[in-house]
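Student: Generate a structure from the sequence data that follows.
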Amino acid sequence: MSDHPTLFDSIQLGAITAPNRVIMAPLTRARSLPGYIPISALKAEYYAQRASAGLIIAEATGISREGLGWPSAPGIWSDEQIAAWRPVTGAVHDAGGRIMLQLWHMGRLVHPDFLDGAPPVSASATTAGGLAHTPSGKQSYTAARALGLDEIPRVIADYVQAAKNAMAAGFDGVQIHGANGYLIDQFLRDNSNFRDDEYGGAIENRIRLLREVTQAVADTVGADRTAVRLSPNGETQSCDDSNPVALFTAAAAALQKIGIAFLELREIKSFGNFGVTDVPRVSPDIRKVFTGPLVLNQEYTRDNADADLQSGLADAISFGRPFISNPDLVEKLRDNAPLTPDNYKTWYSDGPEGYTDYPRYGGA
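Tutor: You can find the predicted model right below:
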């Protein structure tokens, strides 16, 4: 292989050999039964259709009832959930694919309606802006309570158990969701973390939960089967930081020491069609301290994906929304074929429409 890989060259992501560098990003799609149990047959068909991705990172999945606040999202804390995931991973493997599970604790973004009226937990007693998706419609977020020091080991243990459960369900590894304003991100950023103990204040303290969760999961399933997602992209779900370069480079350096399989970054870029140009990219600074595989995500096209691979900034690119409506996205990108647009109205519905019924690509 040349010094300048393309999207279609293989890559080693820890223990996983990916045949190409087109990664399927995690996408919340709901379609689970009461008890946060994935609808096995439907999800198996959906993910198997997309098995030509170099690696599938399955949708964000709750590590505990405390951490899950999205209607019809799946969990990975019960035996029933583990059993329901097995046909999904089996279908992907039978189709020649590889699949990891993203481990999710939403923190203050869990509405009390999911917790029998109890408040959500977070780094500090804060309230997220915006509206929560709940079974009875959108509602304002409510004030979270700060996790006690004595509770943090329990939360770490929940991540560890979820990782064990994911492996028991047949996944090839796990990705820790440290992005998008959820619990770990709430600890990372200084506009949501006002703690005065060893988990707050200085950057080294604010990255402590991320570091401890990642180390504990890596010790359990192997660092080569553990990945992390961060979002050094400005404000996200009302989480923000006054010095993102210092924060996220420190976080990436800590993950480098653990030796994770890869780091995925969701960032807002100044190119493409995202329409945001005033948030500088942090990935060039992270690239200096993180020498493992770096996967970049957000509004990529084939052209700018190739550019970031050619420059050495990225080792692989994860695509989210294009995979919704283009199950064989890898083949379409390879042929420069036009992409099928997705339908937002069916993103979170409860059946096959807008999920498994997008047409296959016949090739050039």
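
Student: for the stretch 51-200 of the chain, what spans make up the helices?
Tutor: Secondary structure of the stretch 51-200 of the chain by DSSP state H, counting those that start in this stretch: the helices cover 79-94, 152-168, 183-188.

Student: Name the stretch among those that sits most buried.
Tutor: helix 183-188 (a mean of 28; mean count of other C-beta atoms under 10 Å). No exception for glycine: its C-beta is placed from N, CA and C like everyone else's.

Student: tell me the mean pLDDT for the helix or strand that it is followed by?
Tutor: Counting by DSSP states H and E, the element after helix 183-188 in chain order, helix or strand, is helix 203-206. Per-residue pLDDT over helix 203-206 has a mean of 98.

Student: Following element in sequence after helix 203-206, please.
Tutor: Per DSSP H and E, the first helix or strand lying C-terminal to helix 203-206 is helix 208-221.

Student: Next, the buried residues of that following helix.
Tutor: Within helix 208-221, the residues that count as buried by 16 or more other C-beta atoms under 10 Å are 208-218, 220-221.

Student: Only C-alpha atoms, please: export stretch 5-24 in CSV.
Tutor: Listed next in CSV are the C-alpha coordinates belonging to stretch 5-24 (Å, rounded to 0.1, in the frame of the first residue of the first chain):
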residue,chain,number,x,y,z
PRO,A,5,-4.2,5.3,1.6
THR,A,6,-7.6,5.7,0.0
LEU,A,7,-11.0,5.0,1.4
PHE,A,8,-10.8,1.6,-0.1
ASP,A,9,-7.6,0.3,1.4
SER,A,10,-7.7,-2.0,4.4
ILE,A,11,-6.7,-0.8,7.9
GLN,A,12,-6.0,-2.5,11.2
LEU,A,13,-8.2,-1.0,14.0
GLY,A,14,-6.9,-2.7,17.1
ALA,A,15,-7.9,-6.4,16.8
ILE,A,16,-10.2,-5.7,13.9
THR,A,17,-9.0,-5.9,10.3
ALA,A,18,-11.2,-3.5,8.3
PRO,A,19,-11.2,-4.2,4.5
ASN,A,20,-11.8,-0.5,3.8
ARG,A,21,-11.7,2.8,5.6
VAL,A,22,-15.4,3.7,5.2
ILE,A,23,-16.7,3.3,8.8
MET,A,24,-20.4,3.4,9.6
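
Student: I'd like the numbering to begin with 616 instead of 1 from here.
Tutor: With the count now opening at 616, the last piece we talked about shows up as stretch 620-639.

Student: from the chain's centre, how far out does it sit?
Tutor: 17 Å (C-alpha atoms, centre = their mean, to the nearest Å).

Student: The stretch 616-765 of the chain: strands as residue ranges?
Tutor: Using DSSP state E, counting those that start in this stretch, the strands of the stretch 616-765 of the chain run over 626-628, 631-633, 637-639, 647-648, 652-653, 670-677, 714-719, 736-737, 746-749, 752-755, 760-761.
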